[in-house]
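J.: Got a predicted structure plus its sequence, pasted below:
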Amino acid sequence: MYHHEGEDVFVIDGHLHLWDASEENIKHQGGEEFIQCFYDYHATFTPEDRLWDMDEYRKYGADRMVEDLFGNGAVDMGILQPTHLHEFYKNGFNTVDDDAELVEQYPERFITNGRWDPRDGEAGLKELERQKEEYDVQGAKVYTAEWKGDSKGWRLDSPEAFEFLEKCAELGITNIHPHKGPTIRPLNRDAFDVGDVDDAASSFPNLNFIVEHVGLPRLDDFCWIGTQEPNVYGGLAVAAPFAQNRPEKFSEIMSELLWWLGEDKLLFGSDYALWNPDWLVETVMEAELTEEHKMEYGVEWSHEVKKKVMGENAAELYDIDIEAKKREFADDAIAQRFGLGDHYSGAAAD
């Protein structure tokens, strides 16, 4: 657990990927453009002494991922968000089944979400049923700008998407994570527009919509939607690394989000491996709002708020008992591997 202001903070990284962008897995030029764009974001926000080289960035593997997440105790649990991109990658970029293998190895530490695409029709609905049956997924990552044949995107408020949302409600897949963030080459920026979240959230009040990347660069649009829809949340992947080299921008983004949505509707995510939580968690935890923003918005990025955003809000959505997890983690495989038992020993003794 991360230690802050004399107290342990349970961190759930809500946005993780285990991807394969190796050259042998690329089948379309879009796959190369995609990973190069990812690397540009990585290089822009990562501290110089923590930059990866391109070879390790393409395919880092499960063992490296586990070490980066848990090796220094920065993260306690993680939620895997699959992105298939089969048009670009022979075996997919980051698939549900690949993620599930990691969950099987460390079931106490990882959760994997499912994935669906309304353009898959009846076969896609059957696949969603399989994901629930085999992996008991509680959520689904949806990627509205993903290419499929001649189609370069879809909308969350379309009749076809509503059929899948109905299936999610029926199956108990309650947490929907639409990617609504910056453009990634060669995908279409307009297909990431946040406007289609509004009708979907209103039409399915029993589902939670965790809008990943909080709509950036359309933060205003997202905030207006997020404040009027009680089931819309904000995932901070992409917003979080601003704390590293643009702290005033981070302060502005967080002030807007806290003023509009409030502290109970924001979830931390590193977007690993775009950015590594072994430095990002500390950066975000130690960040502060500017005095000007505190006065203007009347909000605080306090220790108690940070605890909610860094783990407690995700625990609420995914039914995670944090105190029980602390006791479990005192002697699990991860604690033994990295010598982290002391991080949880107090909880285990309670």
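T.: Cool, got the structure.
J.: tell me the contacts of residue 25?
T.: 31, 59, 89, 90, 91 (Cβ atoms under 8 Å, 6 or more residues apart in numbering). C-beta here means a position set from N, CA and C on the backbone, and glycine is covered the same way.
J.: ok, now how distant is it from residue 208?
T.: Separation of residue 25 from residue 208 (Cβ to Cβ, to the nearest Å): 32 Å.
J.: residues touching residue 14, list them.
T.: By Cβ under 8 Å, 6+ apart, the residues touching residue 14 are 78, 79, 210, 235, 237, 267, 268, 269, 314.
J.: Next, residue 176: secondary structure please.
T.: Under DSSP: H, G, I helix; E, B strand; the rest coil, residue 176 falls in the strand class.
J.: follow-up on the earlier one: and the contacts of residue 25, which of them are buried?
T.: 31, 59, 89 (16 or more other Cβ atoms under 10 Å).
J.: if you look at the contacts of residue 25, which of them are in helices?
T.: Among the contacts of residue 25, the members found in helices (DSSP state H) are residue 31.
J.: and which of the contacts of residue 14 is nearest residue 125?
T.: residue 210 (21.9 Å; Cβ to Cβ).
J.: residue contacts, that closest one?
T.: Residue 210 touches 14, 139, 175, 176, 177, 233, 234, 235, 267, 317, counting by Cβ under 8 Å, 6+ apart.
J.: Find me whatever residue is spatially closest to it, sequence neighbours aside.
T.: Closest residue to residue 210 apart from its sequence neighbours, by Cβ to Cβ, 6 or more residues apart in numbering: residue 233 at 4.4 Å.
J.: what's the spacing between that neighbour and residue 109?
T.: 22 Å.
J.: who's in contact with residue 169?
T.: Residue 169 touches 204, 206, 207, counting by Cβ under 8 Å, 6+ apart.
J.: JSON lines for the residues you listed, including distance to residue 191 and neighbour count?
T.: Output for these, formatted as JSON lines (distance: Cβ to Cβ, whole Å; neighbours: other Cβ atoms under 10 Å):
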{"residue": "204", "distance to residue 191": "21", "neighbour count": "18"}
{"residue": "206", "distance to residue 191": "26", "neighbour count": "8"}
{"residue": "207", "distance to residue 191": "21", "neighbour count": "19"}
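J.: Out of those, name the ones that lie in helices.
T.: Using DSSP H, none of the contacts of residue 169 sit in helices.
J.: which ones are touching the closest residue to residue 9 other than its chain neighbours?
T.: Leaving aside its sequence neighbours, residue 9 sits nearest to residue 2 (Cβ to Cβ, 6+ apart; 4.7 Å). Counting by Cβ under 8 Å, 6+ apart, residue 2 touches 8, 9, 11, 73, 74, 281, 282, 285, 310.
J.: now residue 200
T.: Residue 200 touches 156, 157, 161, 162, 165, 176, 209, counting by Cβ under 8 Å, 6+ apart.
J.: from those residues, which single one is nearest residue 192?
T.: Out of the contacts of residue 200, the member with the shortest distance to residue 192 (by Cβ to Cβ) is residue 156, at 10.9 Å.
J.: From residue 169, how far out is that closest one?
T.: Counting by Cβ to Cβ - residue 156 and residue 169 are separated by 14 Å.
J.: Check residue 326 too.
T.: 32 Å.
J.: One more: residue 161?
T.: On the measure of Cβ to Cβ, residue 161 and residue 169 end up 13 Å apart.
J.: Save the contacts of residue 200 as JSON lines, and put in secondary structure and distance to residue 122 too.
T.: Below are these laid out as JSON lines (DSSP: H, G, I helix; E, B strand; the rest coil; distance: Cβ to Cβ, whole Å):
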{"residue": "156", "secondary structure": "coil", "distance to residue 122": "19"}
{"residue": "157", "secondary structure": "coil", "distance to residue 122": "21"}
{"residue": "161", "secondary structure": "helix", "distance to residue 122": "14"}
{"residue": "162", "secondary structure": "helix", "distance to residue 122": "15"}
{"residue": "165", "secondary structure": "helix", "distance to residue 122": "16"}
{"residue": "176", "secondary structure": "strand", "distance to residue 122": "20"}
{"residue": "209", "secondary structure": "strand", "distance to residue 122": "24"}
